[in-house]
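Undergrad: From the sequence below, what's the structure:
(one chain, ligands or ions: 3)
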Amino acid sequence: MIAEIIMNSSVRNLDKTFDYSIPYDMEDKVHIGSRVLVKFGNIKELKEGFVVNIKDKSDFEVKDISKVEEKDFIDEAKVNLAKWMSKRYFCNVSECIKLMLPPGTGTNNLENRAKEKTARFIRLAKSIDEIEFNIENKKIKSDKHIRALRMLDKISEIPSKEFEELADVSSAVLKTLEKNGYIEFYENAVERNPFLHKVVASTNNLKLTDEQQNAFTAVENALDDMMNSEFLLFGVTGSGKTEVYLQLIEKVLEMGKRSVMLVPEISLTPQTVDRFIARFGQEKIAVLHSKLSVGERYDQWYKIKNGEAKIVIGARSAMFAPINDLGIIIIDEEHDSSYKSETTPRYNVKDVARYLAKEYSVPIVFGSATPDMDTYYKAQNGDVELLELTKRANEASLPDINIVDMRRELANGNRSSISMRLFEYIKQNLKDKKQTILFLNRRGYSTFVMCRNCGYVAKCKHCNIALTYHSKENRLRCHYCGYEEIPFKNCPECDSGSIKYSGSGTQKLEEEVNKMFPEASTIRMDVDTVTKKNSHEDIINRFKDENIDILIGTQMVVKGHHFPNVTLVGVIFADGSLNIDDYRAHERTFQILTQVAGRAGREKEKGNVFIQTYNPDNLAIEFSKQQDYKRFYDTEIKIRKALKYPPFCDIILIGFSSENEKNVIESAKQMYMCLKDKIINEKLPIILYKPVPAPIDRIKNKYRWRLIVKCKFDDKINDAIYECLKDLESKNIRDVKTIIDVNPSNMM
Ligand code: ADP
Ligand code: ZN
Ligand code: ZN
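TA: Ligands and ions are numbered 1, 2, ... in the order given. Model prediction:
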């Protein structure tokens, strides 16, 4: 038999199959998905490859497979998924396969791979009857020995270290017992279990509200009928979405199938997981996310692979868990941008979920309080069934939201970052010993230009997107189409000379707060303060446990935390996310403001939220005051339609980078010309923009250019872009890296 093999490599030229013959004695072990070692080209050491097909004969003279890995492989369904992804996301099949391998084993360096952890175990080497006989005959005299042997009889297998502690015997005692032939040592695998010794009080199903029941029944019917339908569970935070997930998962368990539940990495806190452990017990649950050690993840993967784990909870990569009896996919906080990978393979896990749901004929449930425009659009069109939860399940009321017009603060002579009203509220909160969160949505490198007097922001004439200031060339530039203009000294709207060039950062804000409220304790959370040692979780816990007065932070503070003592939230500069040069600026702003507002007053006391802005009339800000997603959606979708942005088309970003600027430009131009020809010759419905430098046009000495394609991404266009990519490769322009990103979540 012949195996078609793809090498474990990200070199684009190696994204093809090579035939190898399967030696006779390996025929039982080599299958589609196997990892094998082969002699490749003139390379001395053996190289790893993945078997992607098996056939009877080859047209070439082929070498034998040298070795086959008997563990750590994947199944045929996953190989097919990898092939599908590689085409859709323009990357190598092997790069996709690596996502599906046991964690820590994707590397080509065989020595560095994660593997099982083993420990020295002990067990009795003689029957207990024989031992008891020897005790009676005083052949075994020591009390310690007798106690240890009798105890060991009751525990069938145990690591010797653990036994020493449990039985309070020394290792010398065990050695003697071994020497006398009563016990034996052996190596065995031990599980690295992140929940070991964790005790969570168990919970029972709550009686569902009518709305929850309706939602549950709709999905239940799809489960019963093996329909791969999609649902959007649309409900404010605290409306009881998680309770619906829990009961759906229970139903899937009863059907003898397994569930995958995706959660944004940052919301995957111990509290989240505990709710699932409380309902189902930890034996049935596997968790996959980056905070676990590689070894722990490896063991969690095998807990899934061997069928023990029935419920997989994890960040986006958990979608690739080795499950072959999938029953349901749940994607919580489905609007979160972490569901799209920003490194190769640049996949969107929702696409992968849709592929798998179809494969296994199972439903997908998307959950959110502020759904992705795309998902809600599908719900409007009937492609996704809308299930609504309109009330909070625990009767907590939504906070009061106040919009503060910062233009007036300036007019009144207040140049600080904190408005007079917010200042008063913070003061009062400090007196009342209540906690405050100040949120600053700062995007480091995106510098935009704004009039402090009227809030005017320079936007591109063609794209309705904020222009970005490039200090080096002193130009305002559109990152989509390349349009440029000279920065203004006076505001084109109101002629004021008070022009602001950038937002201020969290660090500066903390200094300001410390000056204004010297009596207050503060803690800051942003990319600079969150490190491996000082984790996100640690900062949150300190804020809670030490009752720190004011938490100052970026995006990170908004995700799903429950702070009973927080009654006041201030959004310092809501415009920060409004003027990012991305067509989703309004959507992101609405989502963030709604989520931040949700942090205030989640218990009995009513919360207050202050949103400070220079654009109080902006729709995203106005609608977030009313917490009215639907009205926001209705307005925003019209803009998307008029300007042809998703969901009305897909945006494909083709990026080029190299230290050699000339080659980067040359590549971009080649690609542009190739696509242009195809559009004309094949009459492809594509809007193609001219190549322009990327917003960050140089990173680590690499020049970056790109071009943007707008279209309805289908097989034909997929093929066309692929052909142009191949065509570009044949031109052999040296040292240029090309990436293609379909609907990137970040346009930088
Ligand atoms: P979400 O996931 O939408 O944020 P949760 O499922 O976490 O909402 O529910 C919020 C709170 O309401 C939780 O404390 C939960 O225990 C409670 N809750 C949810 N459903 C019910 C119900 N049917 N009856 C009583 N309490 C409920
Ligand atoms: Zn102005
Ligand atoms: Zn433009």
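Undergrad: Ligand 2 contacts on this protein?
TA: Within the chain, the positions near ligand 2 by CB under 5 Å from the ion are 451, 453-454, 456, 491, 493-494, 496. Bear in mind the C-beta positions are built from the backbone N, C-alpha and C, glycine included.
Undergrad: Give the buried subset of those as a PyMOL selection command.
TA: Burial among these is assessed by 16 or more other CB atoms under 10 Å; the matching PyMOL selection reads:
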select buried, resi 451+453+454+456+491
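Undergrad: Mind listing the residues bridging to residue 741?
TA: For residue 741, the beta-bridge partners under DSSP bridges are residue 653.
Undergrad: follow-up on the earlier one: need the residues of the chain next to ligand 2 in TSV (columns: distance to residue 637, secondary structure and pLDDT).
TA: Below are the residues of the chain next to ligand 2 laid out as TSV (distance: CB to CB, whole Å; DSSP: H, G, I helix; E, B strand; the rest coil; pLDDT from 0 to 100):
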residue	distance to residue 637	secondary structure	pLDDT
451	29	strand	86
453	32	coil	86
454	28	coil	86
456	25	coil	86
491	31	coil	90
493	27	coil	90
494	31	coil	91
496	34	coil	89
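Undergrad: Remind me what the strand or helix carrying residue 247 packs against, helices and strands.
TA: Following DSSP states H and E, one finds residue 247 within helix 241-254. Where contact means 3 or more CB pairs under 8 Å, 6 or more residues apart in numbering; DSSP states H and E, helix 241-254 is packed against helix 210-224, strand 230-235, strand 258-262, helix 270-280, strand 326-331, strand 364-368.
Undergrad: For residue 530, the count of nearby residues, please.
TA: A count of nearby residues for residue 530, using other CB atoms under 10 Å, gives 18.
Undergrad: which stretches of the stretch 151-300 of the chain aren't confidently modelled?
TA: In the predicted model, the stretch 151-300 of the chain carries pLDDT under 70 at residues 196-197.
Undergrad: Show me what from it comes close to ligand 1.
TA: 206-209, 212, 235, 237-243 (CB under 6 Å from any ligand atom).
Undergrad: Among those, the buried ones, what's the ChimeraX command?
TA: Selection command for ChimeraX covering only the buried members of those, criterion 16+ other CB under 10 Å:
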select :208,209,212,235,237,238,239,240,241,242,243
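Undergrad: ok, longest helix in this structure?
TA: Criterion DSSP state H: the longest helix present in the chain is helix 661-681.
Undergrad: Buried residues in it, which are they?
TA: 663-668, 670-672, 674-675, 678-679.
Undergrad: buried set for the very next helix or strand once past that helix?
TA: Using DSSP H and E, the helix or strand that follows helix 661-681 in sequence is strand 686-688. Buried positions in strand 686-688, judged by neighbour count with 16+ other CB under 10 Å: 686, 688.
Undergrad: And strand 686-688, how far out from the chain middle?
TA: Strand 686-688 sits 30 Å away from the centroid of its parent chain (CA atoms, centre = their mean, to the nearest Å).
Undergrad: Return the set of buried residues in the following helix or strand past it.
TA: Beyond strand 686-688 on the C-terminal side, the first helix or strand identified by DSSP H and E is strand 692-699. For strand 692-699, burial by neighbour count (16+ other CB under 10 Å) applies to 692-695, 697.
Undergrad: now swap in stretch 370-387 and tell me
TA: Buried residues in stretch 370-387, counting neighbours by 16+ other CB under 10 Å, are found at 370-379, 384-387.
Undergrad: CA-only coordinates of that stretch, as CSV, when you get a sec.
TA: Extracted in CSV, the C-alpha atoms of stretch 370-387 (Å, rounded to 0.1, in the frame of the first residue of the first chain):
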residue,chain,number,x,y,z
THR,A,370,-24.5,42.1,22.0
PRO,A,371,-24.4,39.7,19.0
ASP,A,372,-22.0,40.1,16.1
MET,A,373,-23.8,42.1,13.4
ASP,A,374,-23.2,39.1,11.1
THR,A,375,-25.0,36.7,13.4
TYR,A,376,-27.9,39.0,14.0
TYR,A,377,-28.2,39.6,10.3
LYS,A,378,-28.4,35.9,9.7
ALA,A,379,-31.1,35.7,12.4
GLN,A,380,-33.0,38.5,10.6
ASN,A,381,-32.8,36.4,7.4
GLY,A,382,-33.9,33.2,9.0
ASP,A,383,-30.5,31.4,8.6
VAL,A,384,-30.2,31.5,12.4
GLU,A,385,-33.1,31.0,14.7
LEU,A,386,-33.4,33.9,17.2
LEU,A,387,-34.1,33.0,20.8
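Undergrad: Give me the contact list for that stretch.
TA: Residues from elsewhere that reach stretch 370-387 (CB atoms under 8 Å, 6 or more residues apart in numbering): 214-215, 218-219, 229-234, 334-335, 366, 368, 584, 587, 590-591, 594-595, 629, 633, 636-637, 640, 646-647.
Undergrad: That one vs ligand 1: in contact?
TA: No. Stretch 370-387 does not reach ligand 1 (CB under 6 Å from any ligand atom); its nearest approach is 12.0 Å.
Undergrad: Number the residues from 21 up from this point.
TA: Shifting the count to begin at 21 puts that one at stretch 390-407.
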